[in-house]
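Trainee: sequence first, predicted coordinates after that:
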Amino acid sequence: MKFVLSCAMAIAIGCAAVVPAPASAHAFIGVSVGFPPPPPRVEAVVLARPGHVWIPGYWRWNGANHVWVGGYWTYARPGYRYVPARWARTGPAWRFHAGYWAR
């Protein structure tokens, strides 16, 4: 069952990477875990690059453990701000909310 769930998540994430989402899209990925992720890692960020925005790293759930996804630079979207990925406590579980662009 864990293997099937992991495969389904990999396919869903892979498809999401191929299909461009609207700039203001915000979706719940559907990952819920019974314990919190580790504290965020401190990342060394080089000087700001004109026309770019730093997307901070976050903890991703791989089906068995939290795995760190490092931050990166991306082109800024005029009129939008980036809302970082986060984990939020929902009842007894921790739910992952993907990062997104908001107006």
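Mentor: Noted; the coordinates are in hand.
Trainee: sec struct for the closest residue to residue 49 other than its chain neighbours, please.
Mentor: Of all residues not flanking residue 49 in the chain, residue 73 sits nearest, at 5.9 Å (Cβ to Cβ, 6 or more residues apart in numbering). Where you see a C-beta, it was placed from the backbone N, CA and C, and this is true even at glycine. Per DSSP: H, G, I helix; E, B strand; the rest coil, the secondary structure class of residue 73 is strand.
Trainee: residue 73: neighbour count?
Mentor: 14 (other Cβ atoms under 10 Å).
Trainee: run through the bridge partners of it.
Mentor: residue 54 (DSSP bridges).
Trainee: ok, it touching residue 47?
Mentor: No - contact criterion Cβ atoms under 8 Å: residue 73 and residue 47 do not qualify, at 10.7 Å.
Trainee: and the helices in this structure?
Mentor: 2-18 (DSSP state H).
Trainee: any idea which helix or strand in it has the lowest mean pLDDT?
Mentor: helix 2-18 (a mean of 47; mean pLDDT, DSSP states H and E).
Trainee: for residue 92, which non-adjacent residue is closest in space?
Mentor: Closest to residue 92 by Cβ to Cβ, 6+ apart is residue 34, at 6.8 Å.
Trainee: in contact with that neighbour, which residues?
Mentor: 92, 93, 94 (Cβ atoms under 8 Å, 6 or more residues apart in numbering).
Trainee: among those residues, name the buried ones.
Mentor: residue 94 (16 or more other Cβ atoms under 10 Å).
Trainee: for residue 79, state which of the contacts of residue 34 is nearest.
Mentor: residue 94 (32.0 Å; Cβ to Cβ).
Trainee: so where's the chain shaky on pLDDT?
Mentor: Where the chain drops to pLDDT under 70, the residues are 1-30.
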